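Asks: Quick one: sequence and predicted model below, then my questions.
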Amino acid sequence: MSKKRYINTTLWRDEYIASLDPSEKLLFIYLLTCPDTTIAGIYQLPIKIIAADTGFDRDMVIKILARFETDGKVLYRYGWVAIKNFIKHQNCCSPTVAAGIDRELKVAPEELKAFVGYGMHTVSDSDIYISQGIGKVFIAPTAKEVQSYLDDRSITTFTANQFIDFYTARGWLIGKTKMKDWQAAVRTWESRAKSDPKRHKTTEELYG
């Protein structure tokens, strides 16, 4: 049965997409829209099929996939593709969509689930939450995303890696509750650091 995949027209104005050369753009869009894609953005796809569909030779496919991995956008392992941030663009307030994501994640390799921000969790393990009628899926941020947010707010009291390491070790929980908004967590850290800037405390004491 055929599937439909929709691409927002703003894709062409995306800073990352604009930085790609034509071959890289084609492969990126192919990974988003090829017949093997799933609603979770994690699926099996042999290199030889990618090459046959796109017309690229095997070495070119591997080279471009390596760039996507370096950039934190796509991970290719064991014949599986994982696309970062794919899930957050789905209509996750739909029970059918949520169930579909959950089903796909259950069979995906753990390394790929961790790459898209789920680790050992699935959608049914509270990675999905509904707020004010809008479905949202929490995706753990990359260090680059956190650093960009810190730079925007001129935060220098802690680093992106400190933030990432702190919550990764805790399974992205705040207390016993799954994190819903990492930017809000950054602002909380910022507020606490500003309230007592002269005291030298451990990360656990400041932000735990």
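Replies: All right, it came through fine.
Asks: mind giving me the domain split of this structure?
Replies: 1-127, 140-208 (automatic domain parsing).
Asks: looking at this structure, which helix or strand does the model trust least?
Replies: Least confident helix or strand of the chain, by mean pLDDT, DSSP states H and E, is strand 128-131 with a mean of 33.
Asks: In TSV: the domains of the chain, plus mean neighbour count and mean pLDDT.
Replies: In short, each C-beta sits where N, CA and C put it, glycine included. Shown next, in TSV, are the domains of the chain (neighbours: other C-beta atoms under 10 Å; pLDDT from 0 to 100):
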stretch	mean neighbour count	mean pLDDT
domain 1-127	16	80
domain 140-208	14	81
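Asks: Could you name the helices and strands sitting against the helix or strand in which Ala185 is found?
Replies: Using DSSP states H and E, Ala185 maps to helix 182-195. For helix 182-195, the elements it packs on are helix 143-152, helix 160-168, helix 203-207, judged by 3 or more C-beta pairs under 8 Å, 6 or more residues apart in numbering; DSSP states H and E.
Asks: Report the backbone C-alpha coordinates of that helix in CSV.
Replies: Provided in CSV are the C-alpha atoms of helix 182-195 (Å, rounded to 0.1, in the frame of the first residue of the first chain):
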residue,chain,number,x,y,z
TRP,A,182,14.3,21.5,27.3
GLN,A,183,14.4,25.3,26.6
ALA,A,184,12.4,25.8,29.8
ALA,A,185,14.9,23.7,31.7
VAL,A,186,17.8,25.8,30.3
ARG,A,187,16.0,29.0,31.5
THR,A,188,15.6,27.4,35.0
TRP,A,189,19.3,26.7,35.1
GLU,A,190,20.0,30.2,34.0
SER,A,191,17.7,31.7,36.7
ARG,A,192,19.3,29.5,39.5
ALA,A,193,22.8,30.4,38.4
LYS,A,194,21.9,34.2,38.4
SER,A,195,20.3,34.0,41.8
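Asks: quick one: contacts for Arg67?
Replies: Residues counted as contacts of Arg67 (C-beta atoms under 8 Å, 6 or more residues apart in numbering) are Glu24.
Asks: er, Thr157 I mean
Replies: Applying C-beta under 8 Å, 6+ apart to Thr157 gives the contacts 189-190, 193-194, 197.
Asks: okay if I get the residues you listed as TSV plus distance to Tyr76?
Replies: Converted to TSV, those look like this (distance: C-beta to C-beta, whole Å):
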residue	distance to Tyr76
Trp189	34
Glu190	36
Ala193	39
Lys194	42
Pro197	44
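Asks: Which members of the residues you listed are the farthest-apart pair?
Replies: Longest distance between any two of the contacts of Thr157 is 12.6 Å, between Trp189 and Pro197; criterion C-beta to C-beta.
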